[in-house]
Structures are given as C-alpha cells and as structure tokens.
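Novice: Fold the following, please.
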Amino acid sequence: MTSSEVDLPVVAFEPGRWGDPANPMHLSESVLGALTMLGIDGGPGEPEQPFLMPSRVSGRALAALQKTGVTVATDDATRLAHLRGFSTPDLLKFRAGDTSDAPDAVIVPATAEQVAEVLAVCAAKDLTLSPFAGGTSVTGGLAPERTLPVVALDLRGLSGLIDLDAVSQIATLAAGTRLPEAERLLAEHGYELGHFPQSYEGATIGGCAVTRSAGQSSIGYGRFDEMVVGLTVATPQGVAEIGTAPKSAAGPDLRQLFLGSEGAFGVVTAVRVRVHPVPAVRRFYGWRFPDFAAGSTAMRALAQSSVRPTVLRLSDEAETGLNLANPGAAGQAAVGGCLMVVGFEGDEPDVDCRDGYVSARLIELGGEFLGEEPGEAWRVGRFRGPYLRDPLLDAGALVETLETVTFWSNVERLKADVTAALTGALGEQGTPAVVMCHISHVYPTGASLYFTVIAKALEDPLAQWGAAKVAANAAIRAAGASITHHHAVGTDHRATYLEEIGDVQVTALRAVKDALDPQGVLNPGILLP
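Specialist: Okay, the predicted model is just below:
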C-alpha cells in the first residue's frame with residue numbers, strides 16, 4: 001500500500017492505453033457479470049495496426065529546426081507516442097487504426113530559449129506548433145487543425161526545480177516537470193505542492209497550468225490556477241514574464257490570460273507556484289449518507305463553514321453500489337446509500353475525524369461514520385480508477401466520463417438533467433446505460449459533478465458516444481452550468497464553450513490570439529476556431 005501520493009512514480013503512458021502497461025487492471029468476475037445485464041458479452045476483436053502517412057515536414061524545415069539545437073524526430077514510434085490524448089474517442093480512434101492526427105515531427109527542446117527559437121522557425125517555415133507535455137488531455141486538446149504540417153513540441157526536456165523561495169513559500173518549476181517528480185524535488189526541501197489530479201502519474205506542471213487542472217485536495221489547497229503566482233511564456237511576439245507580486249491592482253491579472261489557454265496563446269516554459277510544508281499526517285475517512293441529496297447538503301455545510309477538510313468527495317447511489325470509489329474492488333458489494341470520503345492533512349490533532357466540529361456536523365446531517373478503511377481504499381486506488389477503462393473497452397463496453405460545475409442551488413437539477421440526457425441519447429440507440437455521478441470538488445458557492453457512463457458499444461462507438469456527448473453538452477448549457485471544471489476545452493468542448501462565454505468575450509479572446517500569434521502557429525482549432 002502506497003504511503004503517500006508523493007511516493008508514486010512517473011508513469012510513461014503507452015499510445016492508446018491509459019496508465020502503467022506493466023501494471024494493468026483486470027475486470028473481476030462480478031464486473032463481467034454486471035456487464036452482461038447491459039448486453040455486453042464480448043469485445044470488438046483485435047485493434048487495427050496503426051499506419052502512419054509520411055511526415056509532411058520538408059527537409060529545409062527540419063534542418064532549420066535542428067539548427068536551433070532541439071532534438072527532432074520523425075520516426076513512426078515517436079510520432080505515435082504523441083498522437084492525441086486519452087479520451088475514449090481518442091482510444092477508439094487508435095484501436096481503429098486512425099492515426100490521422102499524428103504530428104509530422106516531434107521536437108524536444110532543452111531550454112526555454114530554444115522554445116522561442118522554434119516558434120520563430122515555425123512561423124518562417126509555415127509549420128503548426130502543438131505543445132505536448134504529459135499527453136493526458138481528454139478533450140481533444142492535442143489534435144490541432146492539420147492544414148499545415150504539425151510539429152509536436154515535447155516539453156518534457158524542460159524539467160526540474162529552478163528555484164525555491166522558502167521564505168515566501170514559492171517554487172519555480174520547469175513546465176515539463178512531471179507531477180511526481182515535482183513532489184519528490186520539493187520534498188527534499190520539506191515542501192510539497194499538494195496537487196493530485198487523477199492524471200497525476202503522467203501530467204506535468206505546465207499542462208496543469210494551461211488546462212486549469214484541479215486535484216483531489218482542491219478544497220484544502222485550491223485548484224492549480226489558484227496556486228500559480230507567476231508564469232514564463234514564450235509567444236511568437238516574444239517572451240512574457242508574468243506575476244511580480246502575490247496580488248496587484250495594476251490592471252487585469254494577465255496570469256489568467258494564459259492559465260487555461262491550452263497553448264493557443266503561447267508556450268508556458270516555467271511556472272511559479274505556492275508550496276507548503278509537507279503535512280505530518282494524511283488521514284482519509286468514509287462516511288455513509290442515506291441518499292445523494294443528504295450527502296450533498298452535508299458537503300455544502302462543510303464547504304461553507306470555517307473548518308474544512310483537505311478532501312471532500314461524494315459518490316451517488318449508483319457509483320457507491322458498484323464500489324467505484326475502490327477500483328480494486330469494483331463490482332463487489334459496497335456500503336448502501338452514498339459514500340463520502342473526507343480527508344484531513346496536518347499534525348495529528350488536526351486529522352481526527354471522530355471528534356470535533358466536522359464529525360458532529362456530519363452526524364447531525366444524517367451521516368454515519370465508517371472509519372478509515374473506505375477512505376484509505378479510495379486514496380490508494382484513485383489513480384488506478386482510469387485503468388479500468390481499457391479492459392472495459394476490451395470487453396465491448398462503451399465507457400467515458402465528463403464533468404461540469406455549477407452553484408449549489410443548481411446541483412440537483414444539473415445532475416438530473418445530464419443523467420437524463422445521457423440515458424436518453426444512448427437509449428434511443430438501443431443501448432441502455434448506467435450513469436454514475438460523484439461530487440469531486442467543492443467550494444463555498446458550488447460544486448463540480450463528475451459523470452461516468454457505461455453502455456454496450458455499438459458497431460460505430462464513436463458516433464454512439466458523439467450523440468450522447470452532444471446531448472450532455474446541451475443539457476449542461478441549458479442548465480446554466482459550465483461546460484468543464486477541470487478537463488479544459490480542447491476541441492470537444494469548443495462549440496459549447498463559445499456559447500457559454502458569449503460574443504463579446506469571444507471577440508476579446510480572438511483579439512488576444514491575433515495579437516500574440518498573428519500567423520496562427522500555435523494550436524489552431526484548440527480553444528478557438
């Protein structure tokens with residue numbers, strides 16, 4: 001059993017499958033039996049062998065790129081390793097042998113100065129540049145338009161702890177630093193970032209910044225964008241150094257312009273983030289509530305109180321029943337009602353959930369204390385949850401996730417409407433679906449809802465999921481919620497995102513894009529059309 005998230009290693013995800021290929025997940029007999037109730041009783045057969053078209057980058061362009069000192073590769077294996085991300089549509093396309101989004105070349109800079117030089121070469125040689133870090137995008141963020149040859153800029157050569165200001169508790173990290181490596185480097189000095197998204201094993205510091213990532217401890221330490229105090233960004237117009245003080249009244253906060261920009265405005269090469277001393281103790285507990293409404297009310301009470309845990313998570317009845325909060329025991333009998341995970345970090349007196357305000361408040365609101373075992377099972381297994389998707393796809397299931405966020409007064413409507421949209425769209429295609437939901441992140445004013453969908457895969461699962469995703473996006477927009485809380489926009493959410501922010505904001509973002517990247521070198525089609 002892993003003692004801490006900080007102890008987890010970096011995992012090199014292989015093309016077309018999520019997670020550690022040396023440590024895969026397998027479906028239990030109970031899960032396989034449950035799948036038959038949805039008509040899922042066999043896989044789609046062996047995946048197609050991928051075939052790549054020749055690179056479209058000219059010899060002159062390759063020579064110009066090499067002159068900057070970067071490593072340049074055009075071999076099939078390297079290009080395939082940078083093919084799209086890890087959404088279910090991405091995986092389905094890979095299994096069908098679709099390599100149409102593969103970059104024409106992959107370059108690995110070793111310095112931030114080389115990134116700026118590469119941008120200049122791409123502008124001069126009519127190349128599209130797509131920043132690539134951990135590759136864990138699940139919204140089409142790594143598949144830019146391919147009008148011109150596409151060069152993937154692999155930032156993992158920019159890695160390491162650049163500076164640590166222990167007095168201010170600020171660390172400067174190179175953008176390509178993987179999260180487990182960042183935590184290891186900080187731990188050597190007694191600090192941690194405490195950012196643990198489910199993509200933690202493969203994600204990078206820069207990737208978290210440009211997608212506004214949220215980790216499991218967001219209620220305690222904030223989302224990643226709240227941790228960032230400064231950025232270094234290479235743009236086609238020059239290098240921008242952003243963030244000179246903790247807070248400022250000197251005009252709009254330009255950090256927010258690049259946070260969430262998904263490489264469309266510039267390439268983040270370094271990130272300055274808040275850090276804190278490594279907590280002495282982490283402890284996670286399970287609580288049972290009779291239904292989702294009761295659990296949601298309890299979460300809101302804690303989020304709006306002055307005493308907050310570091311982690312709060314609530315599974316609905318369906319997710320609790322399938323035991324998905326404990327991936328290693330998925331499909332086995334679980335507690336009834338709804339499971340809430342409550343996590344604390346700090347010194348020993350700060351992490352005891354059996355006494356004090358939190359315990360009294362949860363009991364008052366209908367909660368039943370289950371002890372440490374359910375909470376610890378979730379903590380240890382949470383990063384392996386996505387590993388279940390590949391064997392489910394192998395078994396003939398269509399399985400995907402989506403998330404959104406809204407204010408507390410709208411949570412119940414949003415959950416009901418999205419669930420109905422998904423079950424309706426899939427049911428119309430003759431495939432009954434199981435839709436599960438959990439509250440993954442909470443704030444005093446609202447919460448994020450995270451949905452998991454399982455149905456029988458049809459002959460064209462991409463079209464099948466596409467119809468369900470369109471219906472879910474429409475339901476989210478109709479309910480007045482945001483199209484994404486932490487998965488970013490990419491291409492999958494772009495149309496709904498533009499509706500969400502409105503014409504005035506789209507005009508402003510387009511003006512920023514035109515000013516910083518007038519030739520459209522960076523990630524065309526990502527975030528903005």
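Novice: Could you give the average pLDDT over stretch 463-471?
Specialist: Taken as a whole, stretch 463-471 has a mean pLDDT of 98.
Novice: Buried residues in it, which are they?
Specialist: Gln464, Trp465, Ala468, Lys469, Ala471 (16 or more other CB atoms under 10 Å). Where C-beta positions appear, they are placed from N, C-alpha and C, glycine not excepted.
Novice: What lies in contact with it?
Specialist: Counting by CB atoms under 8 Å, 6 or more residues apart in numbering, the neighbours of stretch 463-471 from elsewhere in the structure are 88-89, 92, 398, 400, 402, 421-422, 424-426, 428-429, 431, 433, 453, 455, 457-458, 492.
Novice: Identify those among these that sit within helices.
Specialist: In helices, judged by DSSP state H, the following of those are found: Thr88, Pro89, Leu92, Ala421, Leu422, Gly424, Ala425, Leu426.
Novice: Could you check how far Ala515 is from Leu257?
Specialist: 11 Å (CB to CB, to the nearest Å).
Novice: So the two - more neighbours on which side?
Specialist: Using other CB atoms under 10 Å, the more surrounded residue of Ala515 and Leu257 is Leu257, with 19 against 12.
Novice: Secondary structure element holding the more buried one?
Specialist: Element membership of Leu257 [criterion: DSSP states H and E] is helix 255-258.
Novice: Go through that helix and flag the buried ones.
Specialist: Applying 16+ other CB under 10 Å to helix 255-258 flags Arg255, Leu257, Phe258 as buried.
Novice: if we can go back for a sec, and the contacts of stretch 463-471, which are buried?
Specialist: 88-89, 92, 398, 400, 402, 421-422, 425-426, 429, 431, 433, 453, 455, 457-458, 492.
Novice: And the helices in the stretch 1-150 of the chain, which stretches?
Specialist: 29-36, 59-67, 76-80, 88-95, 112-124 (DSSP state H, counting those that start in this stretch).
Novice: Now render those as a markdown table, adding distance to Asp390 and mean pLDDT.
Specialist: Formatted as a markdown table, these follow (distance: least, CB to CB, whole Å; pLDDT from 0 to 100):
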| stretch | distance to Asp390 | mean pLDDT |
| --- | --- | --- |
| helix 29-36 | 13 | 88 |
| helix 59-67 | 34 | 97 |
| helix 76-80 | 17 | 96 |
| helix 88-95 | 7 | 95 |
| helix 112-124 | 33 | 97 |
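Novice: can you redo these as a markdown table with distance to Gly346?
Specialist: Compiled in a markdown table, these are given as follows (distance: least, CB to CB, whole Å):
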| stretch | distance to Gly346 |
| --- | --- |
| helix 29-36 | 37 |
| helix 59-67 | 49 |
| helix 76-80 | 44 |
| helix 88-95 | 38 |
| helix 112-124 | 36 |
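Novice: among the ones you listed, which is the most enclosed?
Specialist: Of all these, helix 88-95 has the most neighbours on average by mean count of other CB atoms under 10 Å, namely a mean of 22.
Novice: on contacts alone, who are the packing partners of that one?
Specialist: Helices and strands touching helix 88-95, by 3 or more CB pairs under 8 Å, 6 or more residues apart in numbering; DSSP states H and E, are helix 389-394, strand 397-407, helix 461-478.
Novice: now for those, which one comes closest to Gly230?
Specialist: strand 397-407 (25.7 Å; CB to CB).
Novice: quick one: average pLDDT of that closest one?
Specialist: 98.
Novice: roughly how far is that strand from the heart of the chain?
Specialist: In terms of CA atoms, centre = their mean, to the nearest Å, the centre of strand 397-407 is set 12 Å apart from its chain centre.
Novice: do the same with stretch 106-113
Specialist: 24 Å.
Novice: Could you export that stretch as CSV, CA atoms only?
Specialist: Provided in CSV are the C-alpha atoms of stretch 106-113 (Å, rounded to 0.1, in the frame of the first residue of the first chain):
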residue,chain,number,x,y,z
VAL,A,106,8.3,15.7,-32.7
ILE,A,107,10.9,18.2,-31.2
VAL,A,108,12.3,18.2,-27.7
PRO,A,109,13.8,21.5,-26.6
ALA,A,110,16.3,21.5,-23.7
THR,A,111,16.0,25.2,-22.8
ALA,A,112,13.3,27.9,-22.8
GLU,A,113,15.5,29.9,-25.3
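Novice: Average pLDDT for stretch 449-457, rounded please.
Specialist: The model assigns stretch 449-457 a mean pLDDT of 97.
Novice: And the contacts of it?
Specialist: So stretch 449-457 is contacted by 35, 38-40, 44, 319, 324, 392-393, 396-406, 411, 414-415, 418-419, 422, 426, 431-440, 464, 468, 472 (CB under 8 Å, 6+ apart).
Novice: at 7 Å what do you get?
Specialist: 38-40, 44, 319, 324, 396-404, 411, 414-415, 418, 422, 426, 431-440, 464, 468 (CB atoms under 7 Å, 6 or more residues apart in numbering).
Novice: hang on, the earlier thing: tell me what the helix holding Leu257 is packed against?
Specialist: strand 228-235 (3 or more CB pairs under 7 Å, 6 or more residues apart in numbering; DSSP states H and E).
Novice: roughly how far is the next helix or strand after the strand it packs on from the heart of the chain?
Specialist: Sequence order places strand 238-242 as the next helix or strand after strand 228-235, per DSSP H and E. With CA atoms, centre = their mean as the basis, strand 238-242 stands 26 Å off its chain's centre.
Novice: How about stretch 383-398?
Specialist: 17 Å.
Novice: Put the alpha carbons of it into PDB.
Specialist: Taking Å, rounded to 0.1, in the frame of the first residue of the first chain, the C-alpha atoms of stretch 383-398 are listed here in PDB:
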ATOM      1  CA  PHE A 383      -5.200   6.900  -9.600                       C
ATOM      2  CA  ARG A 384      -5.900   3.400 -10.900                       C
ATOM      3  CA  GLY A 385      -9.600   4.100 -11.500                       C
ATOM      4  CA  PRO A 386      -9.000   5.200 -15.100                       C
ATOM      5  CA  TYR A 387      -7.000   1.900 -15.700                       C
ATOM      6  CA  LEU A 388     -10.400   0.100 -15.700                       C
ATOM      7  CA  ARG A 389     -11.400   1.800 -19.000                       C
ATOM      8  CA  ASP A 390      -9.100  -0.200 -21.200                       C
ATOM      9  CA  PRO A 391     -10.300  -3.700 -20.100                       C
ATOM     10  CA  LEU A 392     -13.900  -2.400 -20.200                       C
ATOM     11  CA  LEU A 393     -13.400  -1.300 -23.800                       C
ATOM     12  CA  ASP A 394     -11.700  -4.700 -24.500                       C
ATOM     13  CA  ALA A 395     -14.900  -6.400 -23.100                       C
ATOM     14  CA  GLY A 396     -17.200  -4.500 -25.600                       C
ATOM     15  CA  ALA A 397     -18.300  -1.700 -23.300                       C
ATOM     16  CA  LEU A 398     -18.500   2.000 -24.200                       C
END
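Novice: Please enumerate residues in contact with it?
Specialist: With CB under 7 Å, 6+ apart as the test, stretch 383-398 has contacts from 8, 17-19, 24-27, 32, 35, 40-44, 88, 91, 198, 200-201, 327, 330, 399, 454-457, 461, 464-465.
Novice: Tell me which of those residues fall in strands.
Specialist: Val399, Ile454, Ala455, Lys456 (DSSP state E).
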